[in-house]
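In: I would like to see how this sequence folds:
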Amino acid sequence: MKFGKVPNPEQIDFTLPKNHPNTEVVLQPYMNDEKPSIYVGCAKWNRQDLKGFYPRGTKDELKYYASQFNAIELNATFYRMFPAEQFEKWRDKTPEGFKFFPKITQEISHWKRLQATEAIADLYIYNAMHLKEKLGTIFLQMHSNFSPKDFDRVANFAEYWPKEVPLTMEFRHTDWFNDEKVSNELYHLLEENNIANTLVDTAGRRDIMHMRMTNNEAFIRYVGANHESDYSRLDDWVERLEQWISFGLKNIHFFIHQNLEVESPLLAAYFIKKLNQRLGSNLTIPKTTTTPPKPQTLF
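Out: Numbers count the residues shown, from 1 in each chain. Next comes the predicted model:
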């Protein structure tokens, strides 16, 4: 994932923004003693990208991946439409409790740019629903040049999308966030349609790093920079998620990318271990062939 890649990550201020004032307002109605649902995964299971992750002799990459993680951010569905039968095969290869979080096809987001997409959206949803209980939140990622001038398209798409199918939307044009009137209209639209507002943490695009949730789902796409700071950044996320849970957050979906995906399982193992220690969760810690470096501190 090259999005937000920078040549000198040590020069970036990775401090997470303060909570949006509406964070507690959105989450407070869900506050109870129920434990949060936590899913953590990588973006793909391809052996070529995740070199060193699979034991020698592994024949079925997805089956092994699903024995180590409880989720996958399914980016393959962005590049082409898969038939219902393929979703069924993926479902059958994975254990109980595993979930797929598929990305909406680029035909909808990048080619048609949300215009006249009802038929293709219906087909995509029909196929993806064959994952049955293993279907997590579907996510829509718009092109970086898709701006608020086409807000009506977003509204039409959000209102058409079936409410029983969880959806999150990601916007990359900076005007969605630096114009308060636009951002408030967007947040209201997402809240009204129970659509999650994707949070993206990547080095070169701090301008779109926001902390505004629109329902009880923190859908986070984290992009490491293949730098030692990747680990301390994850520490900050553990602390923030713990705070949000205290506010009432019940659904955490956290997906780890890297500019060079080879280290993604290492980051994920580090992150999951920290979550288990801090939140009392019991997620499987993926087996990795090397040990992640300890973050540097001042002490």
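In: buried ones in stretch 93-108?
Out: By 16 or more other Cβ atoms under 10 Å, the buried positions in stretch 93-108 come out as Thr94, Phe98, Lys99, Phe100, Phe101, Pro102, Lys103, Ile104, Thr105, Ile108. C-beta here means a position set from N, CA and C on the backbone, and glycine is covered the same way.
In: end-to-end on that stretch?
Out: 28 Å (Cα to Cα, to the nearest Å).
In: same question for stretch 67-84.
Out: Using Cα to Cα, the end-to-end distance of stretch 67-84 comes out at 23 Å.
In: quick one: mean pLDDT over it.
Out: Averaged across stretch 67-84, the pLDDT comes to 96.
In: run the chain-centre distance for it.
Out: 12 Å (Cα atoms, centre = their mean, to the nearest Å).
In: do the same with stretch 39-58
Out: A distance of 18 Å separates the centroid of the chain from that of stretch 39-58, by Cα atoms, centre = their mean.
In: give me the residues contacting it.
Out: 1, 61-62, 64-65, 69-73, 75-76, 99, 101, 136, 252-257, 261-262, 264-265, 268, 271-272, 275, 283, 286, 288-290 (Cβ atoms under 8 Å, 6 or more residues apart in numbering).
In: equivalent analysis for stretch 9-21, please.
Out: Outside of stretch 9-21, the residues within contact range by Cβ under 8 Å, 6+ apart are 6, 201, 203-204, 206, 209-213, 225-227, 229, 232-233, 236-237, 240, 243.
In: report the buried members of the contacts of stretch 39-58.
Out: Buried by 16+ other Cβ under 10 Å: 1, 61, 64-65, 69-73, 75-76, 99, 101, 136, 252-257, 261, 264-265, 268, 271-272, 275, 283, 286, 288, out of the contacts of stretch 39-58.
In: which of those fall within helices?
Out: Members of these lying in helices (criterion: DSSP state H): Glu61, Tyr64, Tyr65, Ala76, Ser264, Pro265, Ala268, Phe271, Ile272, Leu275.
In: please tabulate these in TSV, including the columns distance to Phe171.
Out: Shown next, in TSV, are these (distance: Cβ to Cβ, whole Å):
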residue	distance to Phe171
Glu61	32
Tyr64	34
Tyr65	29
Ala76	22
Ser264	24
Pro265	29
Ala268	25
Phe271	25
Ile272	28
Leu275	27
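In: of all the residues you listed, which two lie farthest apart?
Out: Across those, the longest distance by Cβ to Cβ is 26.2 Å; it joins Ala76 and Leu275.
In: please enumerate the helices of the stretch 151-299 of the chain.
Out: 151-160, 175-178, 180-192, 229-247, 264-279 (DSSP state H, counting those that start in this stretch).
In: next, count neighbours for Thr158.
Out: You called it Thr, but residue 158 is Ala. By other Cβ atoms under 10 Å, the residues close to Ala158 number 19.
In: the one 5 residues further on too?
Out: The number of residues packed near Lys163 is 10, by other Cβ under 10 Å.
In: residue contacts, it?
Out: By Cβ under 8 Å, 6+ apart, the contact list for Lys163 reads Asn193, Asn194.
In: where does Asn46 land on pLDDT?
Out: At Asn46, the pLDDT value in this model is 87.
In: my error: substitute Phe3 in the last question.
Out: pLDDT at Phe3 comes out at 76.
In: same question, Ile104
Out: Ile104 carries a pLDDT value of 98.
In: just to revisit the earlier point, with distance to Leu123 and mean pLDDT added, can I get the helices of the stretch 151-299 of the chain in a markdown table?
Out: Shown next, in a markdown table, are the helices of the stretch 151-299 of the chain (distance: least, Cβ to Cβ, whole Å; pLDDT from 0 to 100):
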| stretch | distance to Leu123 | mean pLDDT |
| --- | --- | --- |
| helix 151-160 | 14 | 98 |
| helix 175-178 | 28 | 94 |
| helix 180-192 | 24 | 97 |
| helix 229-247 | 35 | 96 |
| helix 264-279 | 31 | 95 |
